[in-house]
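K.L.:
have a look; sequence and predicted model below, questions after that.
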Protein chains: 2
Amino acid sequence: MNAQRIISAVVGIAAGLLVAFVFFGDFGNEDTATSADNKSKAEKVFVPYGELDDYYMLASGGHSGQLFVYGVPSMRKIRTVPVFTPDPATGYGYDKESKEMLGDYTWGDFHHPAVSETEGDYDGEFLFANDVGNNRVAAVDLGIFHTVDIMDLPNMGGPHAGVFLTSNTEYIALPTRFARPLGGEYASLDKYEEEYKGVVSMTTFDKKKKEFDLAFQIVLPPWSYDLSDAGKKDSSDWIVMTTYNTEFATTNLEINASQNDRDYIVMINWKKLEKAVADGKYDDVNGAKMVDPRDVKGAIYAVPVAKSPHGVDVTPDGTRFIASGKLAPLMTVFSFEKAFDAIEKGDFDDEKFGIPILPYEDVMEREVDPPGALGPLHTQFDDKGHAYNTMFISSEVVKWKVDTGEVIDRKPSYYSPGHASAAEGDTVDPDGKWLVALNKIAKDNFLSVGPSHPESMDLYDISGEEMEHIMAAPVDPEPHYAQIIHRDKIKPKKLYEKDEDRPNSVWSVDDAHIERKGDEVHVYGVALRSRFVFDAKAERPDAVTVKQGDKVFFHMTNIDLDQDITHGFGINDYNLNFEVQPGQTSTLEFVADKAGTYPIYCTNFCSALHQEMSGYLLVEPK
Amino acid sequence: MNAQRIISAVVGIAAGLLVAFVFFGDFGNEDTATSADNKSKAEKVFVPYGELDDYYMLASGGHSGQLFVYGVPSMRKIRTVPVFTPDPATGYGYDKESKEMLGDYTWGDFHHPAVSETEGDYDGEFLFANDVGNNRVAAVDLGIFHTVDIMDLPNMGGPHAGVFLTSNTEYIALPTRFARPLGGEYASLDKYEEEYKGVVSMTTFDKKKKEFDLAFQIVLPPWSYDLSDAGKKDSSDWIVMTTYNTEFATTNLEINASQNDRDYIVMINWKKLEKAVADGKYDDVNGAKMVDPRDVKGAIYAVPVAKSPHGVDVTPDGTRFIASGKLAPLMTVFSFEKAFDAIEKGDFDDEKFGIPILPYEDVMEREVDPPGALGPLHTQFDDKGHAYNTMFISSEVVKWKVDTGEVIDRKPSYYSPGHASAAEGDTVDPDGKWLVALNKIAKDNFLSVGPSHPESMDLYDISGEEMEHIMAAPVDPEPHYAQIIHRDKIKPKKLYEKDEDRPNSVWSVDDAHIERKGDEVHVYGVALRSRFVFDAKAERPDAVTVKQGDKVFFHMTNIDLDQDITHGFGINDYNLNFEVQPGQTSTLEFVADKAGTYPIYCTNFCSALHQEMSGYLLVEPK
């Protein structure tokens, strides 16, 4: 297919749906499912009171900037965990610590979550998040479901193709999507090929300190890097990434970046690059150690792939990587072993920007081309050697056998699935139980909320030979990817531990006090059911008087050491709110620039006398 | 009970649960429900693909500042509609129009939603929201599920007791919770009784212009106003409000505001006040027309009620108002007819701040005191003359007959319900189908997300004589109240209508252009699958070059007139993102203060070539 024909084919979802109607005998059956079918489906997803879902689904929230936590199979949304965007519901971005972590940023574009791994299996400790919008990486501690570190990434232009982790979380890789001059400098688009670059950030995370470090970066040609995955087992030293716009188009990418019949999969041996960096083979570029493939031989290769692929996914056994065509109607299975052989032989077609190009035929093992299946985007896996591909244009999920390419089953999705997520699907040991397709278009699936509908997710039972579509669940914009992890792997804390040495903490009502230092007022207070105590010895322990212009610090500790007893802290008319979870100490810092009388109140309903949990901030005029 | 004993009784949820265990023979049965029970429950809530929920549940999002839309009975969350807090997922607070509407505020505390009413029935046109945090009122257009107006309310201290509507949405009433000096001026708490005030805002809303107006305010004693409701039918000229802290406590309200055995229900005849205002009987106070009960006789009364009530709710037939005791273990049924008689007779116990106090025994019709039921907070209604009360401390819902006070059924909730919401429950014509308890504590209901759990909602089938607890659904912090409205009453738009006269709109690719006026750059662009066109005649129609320091306006129109095809618009590294829904024109305004090369991209997945929908903002250095 040439680009123009493809564009014609996809220029509207209607076309895709039409294709689905044509190719699926069973498409209409879903509408006329028997009552017995629906009863059976209902029972599969119903989690009665007193029981729990089996899996957490940790979904990116896209341009909301947040993490969405769902239960599977019930598809109930349990929690929004704020990551890149302030969230008054939890006080995130309002208390001093998280406010400083967010800096001046008010949003992020979180695309691909990845749970920390040990030996290629989710270990449930941390979740990492990329920000395509503002070039950042974040870590969420899954013990407290709270973001604990965010790092700015220099030299990037939208780290869309991350985050993907190596098998023991040695590296969190974030390849860039948009080519930019290094450091984001100004350069005319006429100089695209010379001055614009693609960059991969290789970051590390210290689990103990809960801190990121930018280990090194890799400078690459100004191709767009779309998605990536890390190898597993024998291929675990490698990372693979899809590319598009190898045409170097600088305008109207819809057409101009779809001209070449083949783009590339880039293969990177991170172990070799790590050694090169240790050997000093890098340049300092805006504070990053930048490695150039032209300086480090034997670490970076590329293999041609059908045009404009989206996903590339490594099989659970680590032997193959599968590219999804997007603009070509096929999945391509590549063999790591074949790639290693080709590299060994030094049998290259070409070299681009110092990157040897491996011959397609030497590395490709199989092309899988189910008739009429259009727009393959992403591959997931089960425990029986099957792959599951989402088809954006023909709106379906295709199940096929990795070893043979045999297509086993096809089921419609409603509509236009992007990624899919299978239970434990990115690990060396998938569970083969549930698959969730993350759809981009909901149309008439749910009660309408106006011109823009929610996104939609389809839940499939994949435990049998045939997939069974169970239900659709709506979701706020916009999960691009999710990981589904068994509940036994996550160990949430019940409390923030009482720590007598923690700075600013006060553990008893009697110790609450206020210190004045020049124009700074430090309140060392406690929150407990059902009052605030700012100054135990004052006539009114829940009132604080300051002078206009003072810098005020409320260091609040929640001394209700009882799970789920969270206290909020809002100041009426001052646009301020934060919270303290049980055992937590947080600080609210602000300048009392408005004189007047301002009620303080608990914003998170905590007890029968929650309504009485209030006090006053009195700001004396200058 | 005296205050101290009550506080002891409620000082922990554990106590409440213990009570529940003691009083409910069937509490434990939920855990051991038979498989057949669960199958039946599963079928009741399962909405198969191709079918829709029967009801919208429109829930406040508390200190998230947003509106949460759920489907009932599936309890699937369909949408977060941003109201008081910026939301990058929809671009709210980023595009010029919504940014100006929000002003400098970054959060709100939305407590009680109210759908616009006609003749006492939800008409499904608008939803109104109060902001306890920053003293505002907002309107959401339910045709587009978008906030269309927000108004600041002067002289308020947390309009918690709103919003409640008169029967034809003549007024949107917002009584204040925290007493403050008028205008929020500084005044010592020693002057509480003289200088602090309670205020009720009476606002109107022009449905055509989609604009609020502050009609007038009422100045009241510095009691705390907790909740309120408007009369219906024969009582529709009246508003009723609960009070607490009639003790004028200025510290430790937990104890000091719980001393009096009785607080008050305030009754306000808004028609009489409306006339008084028309007659000029008001003072101008910070831009508001302030009415004082001492100046307007015959419009404001109070009736004593059991201590520290929370909710007060008017029966569907408009004959009675029911107060929930909170700190007294009973619901009190008052008769409007009796109140009118007492007023007619002029038989007053006392007068406070110019407000005649009606004798309790003359207005009270019945006290309903189910044994062991503790912490009644709020009342809802069905179509058969029953009331449903949430019991915060004993964690249950009690069904009883309004006419007789007979208790019909009691069912546990998990745990500590605040309000409940019944299908069409605030109207003159409730449906009697579903009831949702909005619980404050989730404990172990769902997969844990750390020390702070989600809130929880219990769904009950109330169509039979006995209530049936069906399921629990998690929810982000924090719905304080919700209304459940039949889907037939909401008429969402499919598109923003194409309007050739709309300022800044461009309806064809060829008309996209850029205008420069001094240091202002106005881009009149279009978004369509799958490209941006900023300047149709340029070599690169999807690139914009400006000078550092320019003020840039992207006026973008989404010309994909196809429902659900929304385009996002993010500028990488510039912390900017907004969206245009099908047929919508929105403007992004910013100063290009950073020189460099910044990719522009569609942030809301829109088509198979969404990934290619990008361009560049080039900012030439000064």
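P.N.:
Everything's here; your move.

K.L.:
how long is stretch A:126-137 from one end to the other?
P.N.:
13 Å (Cα to Cα, to the nearest Å).

K.L.:
name the residues of that stretch that are buried.
P.N.:
A:126, A:127, A:128, A:129, A:130, A:131, A:132, A:133, A:134, A:135, A:136, A:137 (16 or more other Cβ atoms under 10 Å in any protein chain shown). Every C-beta, even on glycine, is put in place using the N, C-alpha and C of the backbone.

K.L.:
adding pLDDT and distance to residue B:282, write the residues you listed out as TSV.
P.N.:
Listed next are these as TSV, based on pLDDT from 0 to 100; distance: Cβ to Cβ, whole Å:
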residue	pLDDT	distance to residue B:282
A:126	98	60
A:127	98	57
A:128	98	59
A:129	98	54
A:130	98	57
A:131	98	52
A:132	98	55
A:133	98	50
A:134	98	50
A:135	98	56
A:136	98	53
A:137	98	58
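
K.L.:
tell me which two in these are the farthest apart.
P.N.:
Maximum pairwise distance among those (Cβ to Cβ): 21.5 Å, between A:126 and A:133.

K.L.:
where along the stretch 251-400 of chain A do the strands fall?
P.N.:
Secondary structure of the stretch 251-400 of chain A (DSSP state E, counting those that start in this stretch): strands located at A:262-269, A:283-285, A:288-291, A:300-306, A:312-314, A:320-324, A:331-335, A:350-352, A:355-357, A:364-368, A:376-381, A:386-391, A:396-401.

K.L.:
mind checking which of the ones you listed is nearest chain B?
P.N.:
Of all the strands of the stretch 251-400 of chain A, strand A:376-381 sits nearest to chain B, with 8.8 Å by Cβ to the nearest Cβ.

K.L.:
what helices or strands is that closest one leaning on?
P.N.:
Packed against strand A:376-381 by the contact rule (3 or more Cβ pairs under 8 Å, 6 or more residues apart in numbering or on different chains; DSSP states H and E) you find strand A:312-314, strand A:320-324, strand A:386-391, strand A:417-422.

K.L.:
and the third one, what's its mean pLDDT?
P.N.:
Pointing back at strand A:386-391 there. The predicted model assigns strand A:386-391 a mean pLDDT of 98.

K.L.:
where does pLDDT dip in the stretch 1-150 of chain A?
P.N.:
A:1-34 (pLDDT under 70).

K.L.:
chain A now?
P.N.:
Looking at chain A by pLDDT under 70, you get A:1-34.

K.L.:
contacting residues for residue A:474?
P.N.:
A:442, A:445, A:446, A:454, A:455, A:456, A:457, B:71, B:76, B:77, B:78, B:79 (Cβ atoms under 8 Å, 6 or more residues apart in numbering or on different chains).

K.L.:
give the bridge partners for it, please.
P.N.:
residue A:456 (DSSP bridges).

K.L.:
might one say that residue A:566 is in contact with residue A:586?
P.N.:
No: counting by Cβ atoms under 8 Å, residue A:566 stays clear of residue A:586, with 11.1 Å between them.

K.L.:
who has more neighbours out of these two?
P.N.:
residue A:566 (26 against 22; other Cβ atoms under 10 Å in any protein chain shown).

K.L.:
residues near the closest residue to residue A:377 other than its chain neighbours, how many?
P.N.:
Nearest residue to residue A:377, sequence neighbours excluded (Cβ to Cβ, 6 or more residues apart in numbering or on different chains): residue A:310, at 4.5 Å. Number of residues near residue A:310 (other Cβ under 10 Å) recorded here: 23.

K.L.:
ok, back up a step: among the buried residues of stretch A:126-137, which are within reach of chain B?
P.N.:
Among the buried residues of stretch A:126-137, the residues lying close to chain B (Cβ under 8 Å from any Cβ of the partner chain) are A:132, A:133, A:134, A:135.

K.L.:
residue A:69 touches residue B:450, doesn't it?
P.N.:
No: counting by Cβ under 8 Å, residue A:69 does not reach residue B:450; the two are 10.2 Å apart.

K.L.:
relative to residue A:232, how far out is the spatially closest residue to residue A:234 that is not a sequence neighbour?
P.N.:
Spatial nearest neighbour of residue A:234, chain neighbours left out: residue A:318 (5.4 Å); criterion: Cβ to Cβ, 6+ apart. Residue A:318 is 3 Å from residue A:232, where distance means Cβ to Cβ, to the nearest Å.

K.L.:
so how far is stretch A:567-585 from its chain's centroid?
P.N.:
Chain-centre distance of stretch A:567-585: 27 Å, with Cα atoms, centre = their mean, to the nearest Å.

K.L.:
buried residues, it. List them.
P.N.:
Neighbour-count burial for stretch A:567-585 flags A:567-585 (criterion: 16+ other Cβ under 10 Å).

K.L.:
how close does the residue lying closest to residue A:292 once chain neighbours are set aside sit to chain B?
P.N.:
Spatial nearest neighbour of residue A:292, excluding adjacent residues (Cβ to Cβ, 6+ apart): residue A:219 at 5.3 Å. Computed as Cβ to the nearest Cβ, to the nearest Å, the residue A:219 to chain B distance reads 16 Å.

K.L.:
thinking again about what came up before, filter the buried residues of stretch A:567-585 down to the ones in helices?
P.N.:
Applying DSSP state H to these, no entry is found in helices.

K.L.:
and chain B, which of those residues reach it?
P.N.:
Counting by Cβ under 8 Å from any Cβ, the members of these near chain B are A:568, A:570, A:572, A:573, A:575, A:577, A:579, A:581, A:582, A:583, A:584.

K.L.:
residues touching residue A:582, list them.
P.N.:
A:494-496, A:558, A:560-566, B:451-452 are the contacts of residue A:582 under Cβ under 8 Å, 6+ apart.

K.L.:
one more: residue A:591?
P.N.:
By Cβ under 8 Å, 6+ apart, the contact list for residue A:591 reads A:549, A:550, A:551, A:552.

K.L.:
surely the third one touches residue A:521?
P.N.:
Yes: assessed by Cβ under 8 Å, residue A:551 is found in contact with residue A:521 at 7.2 Å.

K.L.:
neighbouring contacts of stretch A:174-181?
P.N.:
Taking Cβ under 8 Å, 6+ apart as the rule, stretch A:174-181 contacts A:130, A:132, A:137, A:153, A:156-163, A:187, A:192, A:195-201, A:203, A:222-226, A:228, A:241, A:245, B:572, B:596-599, B:601, B:611, B:614.

K.L.:
neighbour count winner among residue A:69 and residue B:450?
P.N.:
Taking other Cβ under 10 Å, residue A:69 and residue B:450 do not tie; residue A:69 has more neighbours (26 against 23).

K.L.:
and that one, which helix or strand is it part of?
P.N.:
Taking DSSP states H and E as the criterion, residue A:69 maps to strand A:67-72.

K.L.:
residue contacts, the residue of chain A most remote from its centre?
P.N.:
In chain A, counting by Cα atoms, centre = their mean, residue A:539 sits farthest out from the average C-alpha position, at 50.0 Å. Contacts for residue A:539 were tallied using Cβ under 8 Å, 6+ apart; they are residue B:251.

K.L.:
does it count as helix, strand or coil?
P.N.:
For residue A:539, the secondary-structure state derived from DSSP: H, G, I helix; E, B strand; the rest coil is coil.

K.L.:
what's the first-to-last distance across stretch A:420-436?
P.N.:
5 Å.

K.L.:
anything in that stretch near chain B?
P.N.:
No: Stretch A:420-436 lies apart from chain B when judged by Cβ under 8 Å from any Cβ; the minimum separation is 13.9 Å.

K.L.:
now do that stretch: distance to the chain's middle.
P.N.:
Taking Cα atoms, centre = their mean, the mean C-alpha location of stretch A:420-436 is offset from the chain mean by 16 Å.

K.L.:
alright, I will stop here.
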